[in-house]
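# Any chance you could fold what I've pasted below:
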Amino acid sequence: MSDSQRWFFLILAVVVALLLYLLQPILSPFVVAALLAYLADPMADRLEARGLSRTLSVVVVFLVMTTVLLLLVIWLLPKLGYQLQVMIKLVPQVFAMIQTVWIPWLESNTGISLEGFDLQSVQALMSGHWQQTGSLVKNIFSSVGESGLALAAWVANLVLIPVVMFYLLRDWDVMMGKIGYLLPRNLEKKVTLWANECDEVLGAFIKGQLLVMLALGIIYSLGLWTVGLDLALLVGMLAGLASIVPYMGFIVGIVAAGVAAMLQFNDLTMLAWVGVVFAIGQALEGMVLTPLLVGDRIGLHPVAVIFAIMAGGQLFGFVGILIALPVAAVIMVLLRHLHQGYKSSKLYDC
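Numbering: from 1, shown residues only. This is a model prediction of the structure:
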């Protein structure tokens, strides 16, 4: 890479970052649409390989995704909303259990005195936040309804996502080809190699790990529902979402399900059944889901995932959260090649 090319790409990166920062209030629907198009492109490519035209392939994929999304919204959201309200009502019981059962048990078995711990203040703080969370959707719709401009913007964004996604998905391969054609000829092969490695990393997380999370959420929810837990769907989906970090979903899920089971049944036998559900989920994840959906593709380290999401949100808000993993994948590939170049340079071997 020549000096002029280095300066060009450095200036281009600065300009892109500045535009992301300045335009973040309007970029959310476009970024969401681009991520959905990226996820759906392999399905459209498979249909196209079977003889369908690109437009027809995109229409089929688009209809399938829209139908699945509508069914999830119609069936899932009311149930999650109801279970969230149930969980809010259980918060005082959780604090009562901590006060009457757990703290005395800790004091008697460890000799540690917790008299100075102000549980009432924590309870008041948490209860206030849970009440705010429970009324969040109502407040959002109230604020939207009070302003015609806000309502128009909300509807426009909602409509814009599928429209932009459709056109991006239809022209995805064409756009990638044009981007490759615009690259300097001496860099085209290397940048293509890096892009393929970035796609491999993203595939392991955005395509593979998200499917694992969804599957685990369904497995945990069905298992806890079989046990008879009232909050089965909410706890199961929460454990599935937390599974983006290895073992975090298991820890979060089994603790939340254990507390909910004790409050509902007050029977230690139910804790054993909850443990069985999560043990089966972990076994399926390790032996079936991860090898099948993620395989041996190189993924991002869990710490890198957490840091990328937090840094993206801090720098660019919601848009930064959406682009955090793609940017982290690119940085990871660049750092790996930089490390290889350093190991083969005179600076390292002198």
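
# leaving aside the residues next to it on the chain, what's closest to G208?
On the basis of Cβ to Cβ, 6 or more residues apart in numbering, the spatially nearest residue to G208 that is not a chain neighbour turns out to be V294, at 3.7 Å. Quick note: C-beta positions are derived from backbone N, CA and C, even for glycine.

# Spit out the contact partners of that neighbour.
Residues in contact with V294, defined by Cβ atoms under 8 Å, 6 or more residues apart in numbering, are A204, G208, Q209, V212.

# Verify the stated contact: L222 with G236.
Yes. Counting by Cβ atoms under 8 Å, L222 sits close enough to G236 to count as a contact (7.4 Å).

# okay, those two: which has more neighbours?
G236 (28 against 15; other Cβ atoms under 10 Å).

# Hmm, that one is touching G253, no?
Yes. Under the contact definition of Cβ under 8 Å, G236 touches G253, with a separation of 7.2 Å.

# and for those two, which residues touch both?
Taking Cβ under 8 Å, 6+ apart as the contact rule, the neighbours common to G236 and G253 are Y220.

# now the strand or helix carrying Y38, how far from the chain's geometric center?
For Y38, the host element (DSSP states H and E) is helix 3-49. When C-alpha coordinates are averaged (Cα atoms, centre = their mean, to the nearest Å), helix 3-49 and its chain have centres 18 Å apart.

# again with stretch 78-89
Distance of stretch 78-89 from its chain centroid, counting by Cα atoms, centre = their mean, is 21 Å.

# How about stretch 249-263?
From the chain centre to the centre of stretch 249-263 is a distance of 21 Å (Cα atoms, centre = their mean).

# For that stretch, which outside residues touch it?
Outside of stretch 249-263, the residues that reach it under the criterion Cβ under 8 Å, 6+ apart are 87, 90, 93-94, 97, 213, 216, 220, 224, 227, 229-231, 235-236, 238-243, 267, 270-271, 273-275, 277-278, 281-282.

# In it, which residues are buried?
Along stretch 249-263, these residues count as buried under the neighbour rule (16 or more other Cβ atoms under 10 Å): G249, F250, V252, G253, I254, A256, A257, G258, V259, A260, A261, M262.

# Next: stretch 188-196.
For stretch 188-196, the neighbour count (16+ other Cβ under 10 Å) marks W194, A195 as buried.

# Can you tell me which of the contacts of V294 is nearest S2?
The closest of the contacts of V294 to S2 turns out to be A204 (Cβ to Cβ; 33.7 Å).

# Next, give phi and psi for the closest one.
The phi and psi values for A204, taken as degrees, to the nearest 10, are phi -70, psi -30.

# cool, the one 5 residues further on as well?
Note on Q209: its backbone torsions stand at phi -70, psi -40 [degrees, to the nearest 10].

# Any idea how many residues pack against it?
24.

# again, but for H337
There are 13 residues near H337, going by other Cβ under 10 Å.

# list the contacts for it?
If you count contacts by Cβ under 8 Å, 6+ apart, H337 has them with W194.

# Pretty sure V330 sits against E200.
No. Judged on Cβ under 8 Å, V330 makes no contact with E200 at a distance of 12.0 Å.

# Quick one: classify I244 as helix, strand or coil.
Taken by DSSP: H, G, I helix; E, B strand; the rest coil, the conformation at I244 corresponds to coil.

# can you pull the contacts of it?
F205, Q209, L210, M213, P302, V305.

# Next, work out how far apart it and P302 are.
With the distance defined as Cβ to Cβ, to the nearest Å, I244 ends up 8 Å from P302.

# Please apply the same query to A242.
Distance, A242 to P302, by Cβ to Cβ: 11 Å.

# again with L63
From L63 across to P302, the span is 36 Å (Cβ to Cβ).

# between those two, who's got more neighbours?
Just comparing L63 and P302: by other Cβ under 10 Å the higher neighbour count belongs to P302, 13 against 10.

# if I read this right, that one contacts P246, doesn't it?
Yes. Counting by Cβ under 8 Å, P246 is a contact partner of P302 at 5.8 Å.

# Could I get the CA-only coordinates of whatever helix or strand L222 lives in as CSV?
When secondary structure is defined using DSSP H and E, the element that contains L222 is helix 210-227. Once non-C-alpha atoms are left out, helix 210-227 reads as follows in CSV (Å, rounded to 0.1, in the frame of the first residue of the first chain):
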residue,chain,number,x,y,z
LEU,A,210,-27.9,-15.8,17.2
LEU,A,211,-29.5,-19.1,16.0
VAL,A,212,-28.0,-20.9,19.0
MET,A,213,-29.4,-18.2,21.3
LEU,A,214,-32.9,-18.6,19.8
ALA,A,215,-32.8,-22.3,20.0
LEU,A,216,-31.6,-22.2,23.6
GLY,A,217,-34.4,-19.8,24.4
ILE,A,218,-37.0,-22.1,23.0
ILE,A,219,-35.5,-25.2,24.7
TYR,A,220,-35.3,-23.4,28.1
SER,A,221,-38.8,-22.0,27.7
LEU,A,222,-40.3,-25.4,26.8
GLY,A,223,-38.5,-27.2,29.6
LEU,A,224,-39.5,-24.7,32.2
TRP,A,225,-43.1,-24.7,30.9
THR,A,226,-43.1,-28.5,31.2
VAL,A,227,-41.9,-28.2,34.8
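
# Thanks a lot, see you next time.
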